[in-house]
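>>> Here is a sequence with its predicted model. Questions after.
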Amino acid sequence: MSNFASSPVAAVLGPTNTGKTHLAVERMCAHSSGMIGFPLRLLAREVYDRVVAIKGENQVALITGEEKIVPPQARWFLCTAESMPLDRDVAFVALDEAQLGSDPERGHVFTDRLLRARGREETLILGSEALRPMVRALLPKTEIVNRPRFSTLSFAGAKKLSRLPKRSAIVAFSAEEVYAVAETLRRLRGGAAVVMGALSPRTRNAQVAMFQAGEVDYLVATDAIGMGLNMDVAHVAFASLQKFDGRRTRRLTVAEMAQIAGRAGRHQRDGTFGSLGGEDGPGAFTPEEIEAIENHRFPPFDFLYWRQGEPDFDSIDALIASLEAKPDSPVLRAAPQAIDLAVLKRLADEDWVRARTRNPQAVKRLWAACGLPDFRKTGPEHHARFVGRIYQHLSEGSGHVPHTWFAEEIARLDRTGGDVDTIADRIASIRSWSYIAHRPDWLENPAHWAERTRATEEKLSDALHAALTQRFVDRRTSVLLREIGAGLAELPVAIAEDGQVTVDDEPLGRLDGFAFTPDSGARHADTRRLIAAADRRLAGERARRARALAASEDDGFALITEAGQSPEIRWNGRTIAAFEPTRELLRPRLRLERAAAALEPESRDLIFARLHRWLEDRTQKLLDPLERLTAAAADPATAPTLRALLAPLAEAGGIVERRAVETVLENLTRADRVAARKLGLTIGALDIFAPALLKPEPLRWRTALLAVRMRESMPVLPKPGTVAAPLGQALPGFRLLAKQQVRIDMIERIARAAHDAREGKRSFVPDPSLAISVGLEPATLNRLMLALGFRALPVEAGAIPAWRWHGRRRREEHAPVNPNSPFAALAGLGR
């Protein structure tokens with residue numbers, strides 16, 4: 001091999017088991033300083049331990065998102081690709097698994113390191129042969145060296161789980177499958193080691209050591225073993241050839257298959273690969289795939305994903321624009337929106353965020369907060385709220401996350417009780433806090449909290465390992481695993497008319513709408529596996545139900561407005577969606593319930609389209625006055641004086657108190673008032689409103705949309721036909737008067753009757769029949785007459801009071817109302 005040091009940048013390309021990582025470590029250790037970027041935290045930790053043994057603990061640093069060991073005199077750095085400190089001057093730099101530049105989720109990180117990470121004396125790029133045209137196009141002066149595989153990799157066919165040879169690694173693509181396979185091997189063969197990305201390095205090392213020492217002959221892992229974790233594996237068996245990549249479930253590419261299969265065989269020892277179960281079906285290799293893997297021939301890359309590695313921090317908008325910029329090179333493609341950018345864009349819509357981010361330093365701090373990974377896999381919306389709370393603390397006061405909150409969260413997670421899934425969820429959560437603790441200026445005492453989170457994570461990981469090894473497989477799990485080689489999707493699952501789901505007459509649970517509920521008789525530890533099995537097998541049934549929903553008549557849907565609960569949409573009696581507020585009151589965003597949101601994009605699109613069509617139809621039919629006045633308020637052709645009234649009216653859902661817009665009313669022309677009446681508005685003595693919106697169903701929908709806008713639960717709604725009610729919880733569309741609340745259109749009728757009965761400012765006795773007929777008490781009527789601008793004349797006790805028109809309200813009725821004053825009730829118009 002030629003001397004790499006003679007070339008500023010060199011690339012070593014080839015299949016797995018070619019010693020590329022070992023070469024990089026040797027080259028780095030030969031220099032006075034160096035850095036290697038790895039795709040996995042586990043791999044960075046493994047190589048860190050090896051380099052520490054060579055150079056000494058004080059000379060070697062480990063930098064990952066959740067772990068940072070940086071001695072003052074450190075000269076050699078082992079990092080995850082995302083955590084590489086590119087501003088550090090080192091003699092040697094290497095990037096491992098650079099072909100990950102083609103990965104939609106993380107590819108832009110590896111492409112950026114390939115383009116920008118450089119050592120003073122030598123830079124080494126490690127990757128698959130498929131990367132060659134990209135290196136040639138992007139780095140034309142790079143010296144490229146091909147490394148052949150040290151041993152032969154051959155296809156061994158399909159085998160049942162019980163017939164796998166010793167020293168086999170079984171690869172699955174979900175934690176549920178990993179757990180199920182490991183438990184079955186424990187029952188059949190005495191046990192298996194487990195390797196997953198969720199385990200702490202110490203737990204992972206203990207598992208691998210158990211396998212390497214021969215205490216167990218089998219290892220069950222996720223595809224994390226495909227990224228350079230070196231073990232004495234003779235055979236790799238694929239439990240499945242499909243994985244969920246964060247967006248959809250798809251078949252592995254040939255390159256991904258080869259990356260994993262290549263773990264079989266080490267140095268000069270040959271290895272084999274195959275699948276579990278039968279020779280046919282989606283879990284079997286095709287002849288073309290087998291030939292490509294055995295001969296290490298894969299389609300070359302024609303592009304890599306790219307995103308600006310040095311974004312513009314002048315402003316939030318400049319930052320977003322630079323992150324969404326298109327690459328100049330034809331072999332680079334703009335990366336899909338990653339979760340950090342999705343979170344940034346959501347926070348950019350918040351006024352308080354923009355108010356705190358007015359200089360480049362603040363923008364850079366916001367972007368750093370957005371870089372907090374979504375370890376809990378909650379999605380951009382939920383994760384943005386968590387990041388927003390973090391940034392709120394980082395941008396105020398001392399700029400630190402409060403240690404009391406941090407301590408409370410760690411204490412909440414520092415518990416080892418519960419089943420496997422509960423502990424795994426805690427591990428995912430503690431990783432977020434570990435990441436925060438390893439930022440140098442996010443906490444007042446980061447070193448203390450970094451150690452605390454590390455200890456908690458290892459404690460939880462050990463508890464998870466202990467829980468896994470103690471689990472026992474009952475008949476239900478045996479049934480689920482019996483044909484695992486053929487794929488869970490091919491198990492004989494039956495769905496009864498009532499939604500009961502069974503496998504070989506063994507109950508799995510029930511499918512209600514799109515949500516699967518595990519059988520109540522199952523052990524709590526089994527529920528995740530039951531859900532995983534159902535998710536795979538019930539995909540067709542869920543797609544069928546999505547088509548049925550899309551074809552449903554309008555009467556199949558209902559808006560549910562239970563007092564104290566958030567409004568939601570139900571389909572055939574089952575919750576299908578909730579609402580989220582937008583800038584437009586009449587156009588809330590729909591949020592599908594969890595099971596429906598997890599459907600394939602085609603099914604989700606069908607559901608969204610049908611729900612939006614139904615929602616649009618109902619709002620246009622029931623809230624037409626609100627639609628029209630909202631449109632008029634936004635129409636430039638509407639007179640400005642009238643728009644000044646319509647804008648706040650539309651914002652409030654078609655009902656406002658008159659005194660809130662009194663100044664605006666004074667400026668209305670006669671033409672404005674005529675136009676307002678044509679829009680269905682009543683400019684009343686106390687309120688401006690659209691009477692049609694007070695009918696029971698329009699009132700219910702208007703109240704629901706306002707509850708969504710305010711992020712509040714539904715209030716109590718008045719019973720149909722109610723015009724007066726006792727005090728209690730304020731009813732929407734009613735005004736509080738004395739000890740009653742009265743519907744505002746009835747108030748207007750009483751006001752008109754009073755004005756029709758008077759003659760100028762002469763005293764008169766109003767006809768109380770209308771008020772009595774709707775149930776108004778005398779004190780309520782008296783308070784209403786005062787509010788309308790009438791003044792009572794002194795009368796003898798027991799006599800019917802006479803009234804005189806005063807011409808305008810008392811001055812104090814226009815001022816802010818003291819809640820302890822006699823006029824407090826006049827301010828309480830329930831909305």
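Arrived safely, thanks for sending. Residues are numbered from 1 along each chain as shown.

>>> For the stretch 451-600 of the chain, which segments are assigned as strands?
493-495, 500-503, 506-512, 515-518, 557-560, 568-571, 574-580, 589-592 (DSSP state E, counting those that start in this stretch).

>>> if we compare those strands, which one ends up closest to Tyr48?
Closest approach to Tyr48 among these is made by strand 515-518 (41.1 Å; Cβ to Cβ). All C-beta spots, glycine's among them, are computed from the backbone N, C-alpha and C.

>>> State the mean pLDDT of the closest one.
Taken as a whole, strand 515-518 carries a mean pLDDT of 83.

>>> That one pairs with which strands, and in what direction?
Using DSSP bridges, the strands paired with strand 515-518 in its sheet are strand 506-512 (antiparallel).

>>> Okay, angle between the partner strand and strand 574-580 too, please.
With axes from the mean of the first three to the mean of the last three Cα atoms, to 10 degrees applied, the angle from strand 506-512 to strand 574-580 works out at 50 degrees.

>>> list the buried ones in strand 506-512?
By neighbour count, with 16 or more other Cβ atoms under 10 Å as the criterion, the buried positions of strand 506-512 are 507-511.

>>> now swap in stretch 373-386 and tell me
Neighbour counts over stretch 373-386 (16+ other Cβ under 10 Å) mark 374-375, 380, 383-384, 386 as buried.

>>> And for stretch 647-664?
If you call a residue buried by 16+ other Cβ under 10 Å, then stretch 647-664 has these buried ones: 647, 649-650, 652-659, 661, 664.

>>> distance between the ends of it?
One end of stretch 647-664 to the other measures 11 Å (Cα to Cα, to the nearest Å).

>>> neighbours around Glu759, how many?
Using other Cβ atoms under 10 Å, Glu759 has 8 other residues around it.

>>> ok, now Glu122?
So Glu122, with other Cβ under 10 Å, has 23 neighbours.

>>> Then the one 3 residues further on?
A count of nearby residues for Ile125, using other Cβ under 10 Å, gives 27.

>>> swap in Arg358?
Using other Cβ under 10 Å: Arg358 sits among 11 other residues.

>>> which parts of the helix or strand harbouring Tyr435 are buried?
Applying DSSP states H and E as the criterion places Tyr435 in helix 420-437. Buried positions in helix 420-437, judged by neighbour count with 16+ other Cβ under 10 Å: 420-424, 426-437.

>>> The closest residue to Thr722 other than its chain neighbours and Ala787, how far apart?
Of all residues not flanking Thr722 in the chain, Arg743 sits nearest, at 7.1 Å (Cβ to Cβ, 6 or more residues apart in numbering). Per Cβ to Cβ, to the nearest Å, Arg743 is found 15 Å from Ala787.

>>> Ok, Ile427 next?
For Ile427, the distance to Ala787 (Cβ to Cβ) stands at 62 Å.

>>> what about Phe38, distance to Cys29?
Between Phe38 and Cys29 the computed distance is 16 Å (Cβ to Cβ).

>>> out of the two, which sits in the more crowded spot?
Each of Phe38 and Cys29 has its neighbours counted (other Cβ under 10 Å); Phe38 has more, 28 against 15.

>>> where in the stretch 251-400 of the chain is pLDDT low?
Counting by pLDDT under 70, the stretch 251-400 of the chain contains low-confidence residues at 266-268, 278-282.

>>> now the helices: where do they sit in it?
Secondary structure of the stretch 251-400 of the chain by DSSP state H, counting those that start in this stretch: the helices cover 254-261, 287-295, 316-323, 339-348, 351-355, 360-370, 380-394.

>>> And for the stretch 651-800 of the chain?
662-666, 670-678, 696-709, 744-757, 769-773, 778-787.

>>> out of those, which comes closest to Pro581?
Minimum separation from Pro581 across the helices of the stretch 651-800 of the chain (Cβ to Cβ) falls at helix 696-709, 4.9 Å.
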